[in-house]
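Chemist: Could you work out the structure for the sequence below:
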Amino acid sequence: MAVRAIILAGQREGVVDPLCEAASVPRKASVPIAGKPMIDHVIEALEASSVEGPFGISGFDASHDARLLQLPSGKGPANSALLAAKKVNAFPLLITTCDHPLLTSDMIKHFIDGAKQSGADFCVGLADKSIIQPAYPNVTRTYLKFADRSVSGCNLFYIANTKGLAAIEFWQKAQQHRKQPWKLARAFSISLLISYLTGRLTLDSAFDHASKTLGMSAKAVMLPFAEAAIDVDKPSDKVLVEAIFAQGYPVLEKRAS
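Modeler: Got it, this is the predicted structure:
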């Protein structure tokens, strides 16, 4: 079954994004990276993969590229993802973001293959600190620290079917806590919070608990690419990503494959 894709490209209205200000562009997706709008890198990675086009876009004008299909946007990324997914109403669905210019077809293939093999209703792509830190020791990342490993998100989500939408609905309620994992744990249950705070919660246990709470199956798909965890949120990220491209990326991804 063909996988469809949604790119989230919204931004808070009325808030000046320093990336946009520095580049003199109105939308983050248009910020130039290695000579072209950062969203173009994402579009090209999707086109080079097995994902079926056109690619849905939420929060940005689809007329930017003939390969895009306009989808609705809402308040925040989770609400936009939910509205867009319900509009597409076709599964499986891959969701990514416009600020992921280091995304490659190899990453997409690895993630989709892993998601399909898991048989889960919902999957999220993660990279281990042991992969990211040696490759980019000076990069500041937000890590979720579990008993068995520390991981960082890769802005890749897979919704296998309508049951998987429950994860997006939960994300919509809890997205303000995405950088405060203890609050995310508390949102599920006090016992999960205690396990996390005492360092006894493993990554698999967290997803098992989430699956039971949400009435669906959720799994993590680990990605062996350090670059999968690097997005462009601030000017220093842009400097880093430009430097990575200047070194010949995406050839660099072969280091981790």
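Chemist: so how far is the helix or strand A81 falls within from its chain's centroid?
Modeler: Here A81, judged by DSSP states H and E, is contained in helix 76-88. Helix 76-88 sits 14 Å away from the centroid of its parent chain (CA atoms, centre = their mean, to the nearest Å).
Chemist: buried stuff in that helix?
Modeler: G76, P77, A78, N79, S80, A81, L82, L83, A84, A85, V88 (16 or more other CB atoms under 10 Å). Every C-beta, even on glycine, is put in place using the N, C-alpha and C of the backbone.
Chemist: just stretch 9-25 next, same as before
Modeler: Buried-residue list, stretch 9-25, by 16+ other CB under 10 Å: A9, G10, Q11, D17, L19, C20, A23.
Chemist: can I get the buried residues of helix 76-88 in JSON lines with distance to M222 and pLDDT?
Modeler: Below are the buried residues of helix 76-88 laid out as JSON lines (distance: CB to CB, whole Å; pLDDT from 0 to 100):
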{"residue": "G76", "distance to M222": "27", "pLDDT": "86"}
{"residue": "P77", "distance to M222": "22", "pLDDT": "90"}
{"residue": "A78", "distance to M222": "23", "pLDDT": "90"}
{"residue": "N79", "distance to M222": "28", "pLDDT": "92"}
{"residue": "S80", "distance to M222": "26", "pLDDT": "95"}
{"residue": "A81", "distance to M222": "22", "pLDDT": "95"}
{"residue": "L82", "distance to M222": "25", "pLDDT": "95"}
{"residue": "L83", "distance to M222": "29", "pLDDT": "96"}
{"residue": "A84", "distance to M222": "26", "pLDDT": "97"}
{"residue": "A85", "distance to M222": "24", "pLDDT": "97"}
{"residue": "V88", "distance to M222": "27", "pLDDT": "96"}
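Chemist: Closest to L203 out of those?
Modeler: A78 (21.3 Å; CB to CB).
Chemist: residue ranges of the strands in the stretch 1-150 of the chain, please?
Modeler: Counting by DSSP state E, counting those that start in this stretch, the stretch 1-150 of the chain has strands at residues 4-8, 32-33, 36-37, 52-58, 68-71, 93-97, 122-128, 144-145, 150-159.
Chemist: Is it possible to get TSV of those strands that adds mean pLDDT and distance to A243?
Modeler: As requested, the strands of the stretch 1-150 of the chain are exported to TSV (pLDDT from 0 to 100; distance: least, CB to CB, whole Å):
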stretch	mean pLDDT	distance to A243
strand 4-8	98	24
strand 32-33	98	11
strand 36-37	98	16
strand 52-58	97	27
strand 68-71	98	28
strand 93-97	98	21
strand 122-128	98	19
strand 144-145	88	26
strand 150-159	96	19
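Chemist: wait, which of the buried residues of stretch 9-25 is closest to P134?
Modeler: Distances from P134 to the buried residues of stretch 9-25, taken by CB to CB, are shortest for L19, at 27.3 Å.
Chemist: pretty sure the closest one contacts K234?
Modeler: Yes. Under the criterion of CB atoms under 8 Å, L19 makes contact with K234 at 7.0 Å.
Chemist: just the buried residues of stretch 9-25: which has the poorest pLDDT?
Modeler: Lowest in pLDDT among the buried residues of stretch 9-25 is Q11, which has 87.
Chemist: That one and R27 touch, don't they?
Modeler: Yes. Using CB under 8 Å, Q11 makes contact with R27 at a distance of 6.7 Å.
Chemist: From G59, how far out is F245?
Modeler: 24 Å (CB to CB, to the nearest Å).
Chemist: Neighbour count: the two, which is higher?
Modeler: G59 (21 against 17; other CB atoms under 10 Å).
Chemist: So for G114, what's the nearest residue that isn't a sequence neighbour?
Modeler: Using CB to CB, 6 or more residues apart in numbering and skipping the chain neighbours, the partner closest in space to G114 is V221 (3.8 Å).
Chemist: ok, now which ones touch the residue most central in space within the chain?
Modeler: Central residue of the chain (CA atoms, centre = their mean): N155, 0.9 Å from the mean position. Going by CB atoms under 8 Å, 6 or more residues apart in numbering, N155 touches T96, T97, D99, H100, L103, G125, D231.
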